[in-house]
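Engineer: quick one: sequence plus predicted model below, questions after.
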Amino acid sequence: MSDFLRDYLNVVWFAATALLLAGLLLGLSALVRPNKPNSEKLIAYESGVNPVGDGWSHSQVRYYIFALLFVVFDVEAVFIFPWATRLEVYAGFGLVEMGIFVFVLLLGLVYAWRKGVLRWV
């Protein structure tokens with residue numbers, strides 16, 4: 001067997017050991033823990049307030065879109081940071097490319113703003 005495959009075999013053994021140990025510990029904890037369910041324990045917990053209504057409710061789509069916009073603009077920082085640290089290497093070309101990148105993101109923000117997605121109602 002080559003050294004290359006032997007390195008991957010080490011990873012496989014390590015992963016198998018980790019999965020076996022995790023399964024063993026979860027199984028052991030399931031056997032040892034106390035299990036005395038009652039109706040009071042099985043209700044949904046809402047920050048110390050007694051739950052009202054059904055546990056399943058529909059959320060408005062705008063909350064998911066708001067979260068998705070947050071992720072998009074958060075990931076933007078991941079792309080801007082390496083560019084900012086190596087700005088002297090990229091020179092004018094890098095500045096133009098980043099300007100285009102930020103402009104496209106700004107267009108997306110303006111579009112979301114005009115559509116009313118950013119209103120938290």
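Structural biologist: Nice, thanks for sending it over. Numbering: from 1, shown residues only.
Engineer: this protein: helices as residue ranges?
Structural biologist: With DSSP state H as the criterion, the chain has helices at 3-32, 61-85, 87-115.
Engineer: where among those is the average confidence lowest?
Structural biologist: Mean pLDDT is lowest for helix 61-85 among the helices of the chain, at a mean of 84.
Engineer: which secondary structure elements does that one sit against?
Structural biologist: helix 87-115 (3 or more Cβ pairs under 8 Å, 6 or more residues apart in numbering; DSSP states H and E). C-betas here are computed from N, CA, C, even on glycine.
Engineer: how close does the most centrally placed residue in the chain sit to residue 14?
Structural biologist: Nearest residue to the geometric centre of the chain (Cα atoms, centre = their mean): residue 71, 8.5 Å. Separation of residue 71 from residue 14 (Cβ to Cβ, to the nearest Å): 32 Å.
Engineer: go on, residue 118?
Structural biologist: Taking Cβ to Cβ, one finds residue 118 at 46 Å from residue 14.
Engineer: what about those two, which has more around it?
Structural biologist: residue 118 (13 against 10; other Cβ atoms under 10 Å).
Engineer: now that one: closest residue in space that isn't a chain neighbour?
Structural biologist: Leaving aside its sequence neighbours, residue 118 sits nearest to residue 112 (Cβ to Cβ, 6 or more residues apart in numbering; 5.8 Å).
Engineer: got it, and residue 95?
Structural biologist: residue 87 (7.5 Å).
Engineer: my read is that the one you found contacts residue 93, right?
Structural biologist: No: with contact defined as Cβ atoms under 8 Å, residue 87 does not reach residue 93; the gap is 11.1 Å.
Engineer: the more surrounded of those two?
Structural biologist: Set residue 87 next to residue 93 and count neighbours by other Cβ under 10 Å: residue 87 wins out with 12 against 8.
Engineer: now the more buried one: how far from residue 94?
Structural biologist: In terms of Cβ to Cβ, residue 87 sits 7 Å off from residue 94.
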